[in-house]
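**Student:** what's the 3D shape of this:
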Amino acid sequence: MATLAHVAMYKVCDNTCLDSAILVGMDAAIEDGADVLSPSFDGASVPFYKDGIAVGAFSAIQKGIFVSCSAGNAGLVNSSLSNEAPWILTVGASTVDRNLRATVYLGNKDLPDNESLFQPKDFPQDYMPLVYPGLKGVQHVA
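**Tutor:** Predicted coordinates:
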């Protein structure tokens, strides 16, 4: 059975876009019971404790809310990635016209093909555990 989601938009920027306003909007969405947050802001890469989106996203994931953000719009410039906190699914587009296959070897012997621009030559072929930190420090290992 399909579940209908409640969709809401929160305006947090006027002429300027302050971290404090973004945090207020994210906190409002969390309090309103959002299941997913998808803020689409970019900016300079800063330490997580100074990054309003990273702080707001951390609050959201502690309540089980999925957070997906844009990777930024600065283009092909070194250090142009935004929203790179490890608890955020950061999504970016590209104009690469080729398929860069990255096969994931799963413990159940499935071999799903994915794409990745990062393909280190020395990546181990050993099975690695999938670790989800969980809520309140409880770890789940697959």
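**Student:** Go ahead and report the secondary structure state at the closest residue to residue 12 other than its chain neighbours.
**Tutor:** Using Cβ to Cβ, 6 or more residues apart in numbering and skipping residues adjacent in sequence, the residue nearest residue 12 is residue 25, 3.8 Å away. In short, each C-beta sits where N, CA and C put it, glycine included. When classified by DSSP: H, G, I helix; E, B strand; the rest coil, residue 25 comes out as helix.
**Student:** so what's the most centrally placed residue in the chain up against?
**Tutor:** In the chain, the centroid-proximal residue (Cα atoms, centre = their mean) is residue 89; its distance is 1.7 Å. Applying Cβ atoms under 8 Å, 6 or more residues apart in numbering to residue 89 gives the contacts 66, 67, 68, 69.
**Student:** In a strand, the last one, correct?
**Tutor:** Yes: secondary structure assignment (three-state DSSP) places residue 69 inside a strand.
**Student:** can you tell me how far the nearest residue to it once chain neighbours are set aside sits from residue 104?
**Tutor:** Sequence neighbours aside, residue 83 is the residue nearest to residue 69 in space, at 3.6 Å (criterion: Cβ to Cβ, 6+ apart). From residue 83 across to residue 104, the span is 23 Å (Cβ to Cβ, to the nearest Å).
**Student:** for residue 43, same thing?
**Tutor:** Residue 43 sits 31 Å away from residue 104, going by Cβ to Cβ.
**Student:** Likewise for residue 63?
**Tutor:** Taking Cβ to Cβ, one finds residue 63 at 29 Å from residue 104.
**Student:** cool, residue 12 as well?
**Tutor:** 36 Å.
**Student:** okay, these two: which has more neighbours?
**Tutor:** residue 12 (19 against 10; other Cβ atoms under 10 Å).
**Student:** Tell me which helix or strand in this structure has the weakest average pLDDT.
**Tutor:** Sorting the helices and strands of the chain by mean pLDDT, DSSP states H and E puts strand 140-141 at the bottom, at a mean of 51.
**Student:** circling back to that earlier point, ok, now which ones touch the residue nearest to residue 12?
**Tutor:** 10, 11, 12, 39.
**Student:** okay, among the residues you listed, which ones form the most distant pair?
**Tutor:** The largest separation in these, counting by Cβ to Cβ, is between 11 and 39 at 11.9 Å.
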